[in-house]
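[1] Structure, please.
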Amino acid sequence: MNTLVDDAKQHGSAVGLPVDRITINGGKPLRGRIELKGAKNLVTKAMVAAILGDTPSVLKDVPNISDVRIVRGLLEVHGVSVTEGGDGELVLDPSGVAQAHMADIDAHAGSSRIPILFCGPLLHRLGEAFIPDLGGCRIGDRPIDYHLEVLRNFGAIVEKLPSGIRMTAPEGLHGAKVSLPYPSVGATEQVLLTAVLANGITELSGAAIEPEIMDLINILQKMGAIITVETDRVIRIEGVDRLTGYTHRALFDRNEAASWAAAALATEGDVFVGGARQAEMLTFLNVFRKVGGAFDIQDDGIRFYHPGGDLKPVIIETDVHPGFMTDWQQPLVIALTKAKGVSIVHETVYEQRFGFVDALVEMGASIEVHKECLGGRPCRFGQRNFQHSAVISGPTHLVGADIEVPDLRGGFSHLIAALTADGRSTVSNVGIIARGYENFIGKLELLGADFELEG
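    Numbering: from 1, shown residues only. All right, here's what the predicted structure looks like:
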């Protein structure tokens, strides 16, 4: 059976999604209000951080998404007690942490890459860690070799086995000097989760400084860590002897906020995204306004709407924070098919992020993907023969089609395309969308979308 289909069913069933296909009657504006919970890219890492404490942690605003379910399963097979409070609260008690069997780790990990971030905390707590082969969304190369090299710098011994990778730290972990060739979020998280209990000082240069990274630092500081964020992407961590649990309300999910904003614009709708905040979305808001979208910032969220008139073409280059996020470009591309003129999107973060446009072309979009760096500057993919620049000519009218979801953000973009298109569209593999969007079916209902669920 197709691995993508298997992944979709696994992610959907994890959150109780009873079907994996949705038929949408497009052409109806989305209108109404939805509420956000915590960011997928923060919550899952905060759950792992709980292993480092010697008392329970309380994490609030946890979304019911499959990635959270995967991490919960991984924590539980490692002996961490996870209990639910009300309205998205998790209590994580690491007092019984223990080593898990590789088969159990593999069964719970599925296609997730989160197990690599367990390694530092487990090496501190148990002296060893195991990880299986790792998967994730099919949007580009995310090798774990750099993670392993970072762990070696801290003193870990890495042994590759047929069933996975075993790590030990017979002499404990010590501080290290780490320089990232690219501001990788995952590698930065790896260093933070490993360095806080390592003996001595760790200096990380070339670090990612996304809001989710800063919120993870906030959590670790609550636990007792000493972390200094300096200029020029340098983070210095002074190892401490012990950490305690934390109580923390997770940062809102800015990727989901941008996705619903793009949906409002593409469908000529009006959506209030409760919980969204201006500061973390500053770059997105600027581009949204340039395209022709409008927004009102309020204390409890942001209203996104189409004010009428023609949408305008833009040139976008994705980048690490504080640049335009790679996760924002895919949903916004649907709105750009309606812009009057030629837009360019230059993807510089993931080299294979434009796989989702094939379905859009089938629906009537005029999109060409190129290997050249189109935009203002060359990037690291320009020499590597990847199709990483898209030219979108508009306005075009999309028509309904049968679509298969390829990845998380691309999948939500396909939902937007179906909502925008004339006629009926059937979107398959929607379980993948449940990886990062809580109750997206219920939210579509709240916003007045016309759709039917199919088995």
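
[2] quick one: which helix or strand includes Gln330?
    helix 326-336 (DSSP states H and E).

[3] Got phi/psi on His248?
    phi -150, psi 140 (degrees, to the nearest 10).

[4] got the contact list for His78?
    For His78, the contacting residues are Ile51, Val97, Ala98, Gln99, Ala100, Phe118, Leu122, by Cβ atoms under 8 Å, 6 or more residues apart in numbering. Quick note: C-beta positions are derived from backbone N, CA and C, even for glycine.

[5] And Met102, how far from Asp7?
    To Asp7, Met102 is 20 Å away according to Cβ to Cβ, to the nearest Å.

[6] the more surrounded of those two?
    Per other Cβ atoms under 10 Å, whichever of Met102 and Asp7 has more neighbours is Asp7, with 24 against 16.

[7] The more buried one against Ile433, yeah?
    No. Taking contacts as Cβ atoms under 8 Å, Asp7 lies outside contact range of Ile433: 11.5 Å.

[8] how many neighbours does the residue nearest to Ile433 when sequence neighbours are not counted have?
    Sequence neighbours aside, Gly411 is the residue nearest to Ile433 in space, at 4.5 Å (criterion: Cβ to Cβ, 6 or more residues apart in numbering). Gly411: 28 surrounding residues under other Cβ under 10 Å.

[9] Could you verify my assumption that Gly411 touches Gly431?
    No. Between Gly411 and Gly431 there is no contact under Cβ under 8 Å: 9.1 Å.

[10] follow-up on the earlier one: with respect to Val229, which of the contacts of His78 is nearest?
    Ile51 (22.9 Å; Cβ to Cβ).

[11] ok, now which ones touch the closest one?
    Leu75, His78, Val80, Pro94, Val97, Phe118, Pro121, Leu122, Arg125.

[12] how about those in JSON lines, adding pLDDT?
    Formatted as JSON lines, the contacts of Ile51 follow (pLDDT from 0 to 100):
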{"residue": "Leu75", "pLDDT": "96"}
{"residue": "His78", "pLDDT": "95"}
{"residue": "Val80", "pLDDT": "97"}
{"residue": "Pro94", "pLDDT": "98"}
{"residue": "Val97", "pLDDT": "95"}
{"residue": "Phe118", "pLDDT": "95"}
{"residue": "Pro121", "pLDDT": "97"}
{"residue": "Leu122", "pLDDT": "97"}
{"residue": "Arg125", "pLDDT": "96"}
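
[13] Looking at the residues you listed, which is nearest Ser259?
    Closest to Ser259, out of all of the contacts of Ile51 and judged by Cβ to Cβ, is Leu75, at 27.4 Å.

[14] contacting residues around that closest one?
    Going by Cβ under 8 Å, 6+ apart, Leu75 touches Met47, Val48, Ala50, Ile51, Val82, Leu92.

[15] Who wins on neighbours among those residues?
    Taking other Cβ under 10 Å as the neighbour criterion, Ala50 ranks highest of those with 27 neighbours.

[16] Surely it is in contact with Val71?
    No. With contact defined as Cβ under 8 Å, Ala50 does not reach Val71; the gap is 10.1 Å.

[17] From Pro29, how far out is Val369?
    Val369 is 29 Å from Pro29, by Cβ to Cβ.

[18] How much space separates the residue in the chain sticking out farthest from the centre from Arg242?
    Largest separation from the mean C-alpha position in the chain: Glu171, at 34.6 Å (Cα atoms, centre = their mean). Distance, Glu171 to Arg242, by Cβ to Cβ: 19 Å.

[19] what does Asp87 give?
    Look at Asp87 and Arg242: by Cβ to Cβ, they are 31 Å apart.

[20] circling back to that earlier point, for Ala417, state which of the contacts of His78 is nearest.
    Phe118 (36.5 Å).

[21] how about that closest one, what does it touch?
    So, once contact is read as Cβ under 8 Å, 6+ apart, Phe118 ends up touching Val48, Ile51, Leu74, His78, Ala129, Ile131.

[22] give me that answer again for 10 Å
    Counting by Cβ atoms under 10 Å, 6 or more residues apart in numbering, Phe118 touches 48, 51, 71, 74-75, 78, 100, 105, 109, 125, 129-131, 193.

[23] Next secondary structure after the helix or strand of the chain with the lowest mean pLDDT?
    Lowest mean confidence among the helices and strands of the chain (mean pLDDT, DSSP states H and E): helix 102-109, at a mean of 78. As assigned by DSSP H and E, the chain's next helix or strand after helix 102-109 is helix 119-126.

[24] so what's Ile217 closest to, chain neighbours aside?
    Closest to Ile217 by Cβ to Cβ, 6+ apart is Ile227, at 5.2 Å.

[25] May I ask which helix or strand encompasses Thr228?
    strand 226-229.

[26] Where do the helices of the protein begin and end?
    Using DSSP state H, the helices of the chain run over residues 3-14, 40-49, 66-77, 102-109, 119-126, 145-153, 185-195, 211-223, 254-266, 282-291, 326-336, 357-362, 408-420, 440-446.

[27] tell me what the shortest one is packed against?
    If I follow you right, that is helix 357-362. Contact analysis of helix 357-362 by 3 or more Cβ pairs under 10 Å, 6 or more residues apart in numbering; DSSP states H and E lists helix 326-336, strand 366-370, strand 389-394, strand 402-404, helix 408-420 as its packing neighbours.

[28] let's go with 7 Å and repeat that
    Under the contact criterion of 3 or more Cβ pairs under 7 Å, 6 or more residues apart in numbering; DSSP states H and E, helix 357-362 touches strand 366-370.

[29] in its sheet, what does the strand it packs on sit against?
    The strands beside strand 366-370 in its sheet (DSSP bridges) come out as strand 389-394 (antiparallel).

[30] what's the angle between the strand it pairs with and helix 326-336?
    For strand 389-394 against helix 326-336, the angle by axes from the mean of the first three to the mean of the last three Cα atoms, to 10 degrees is 30 degrees.
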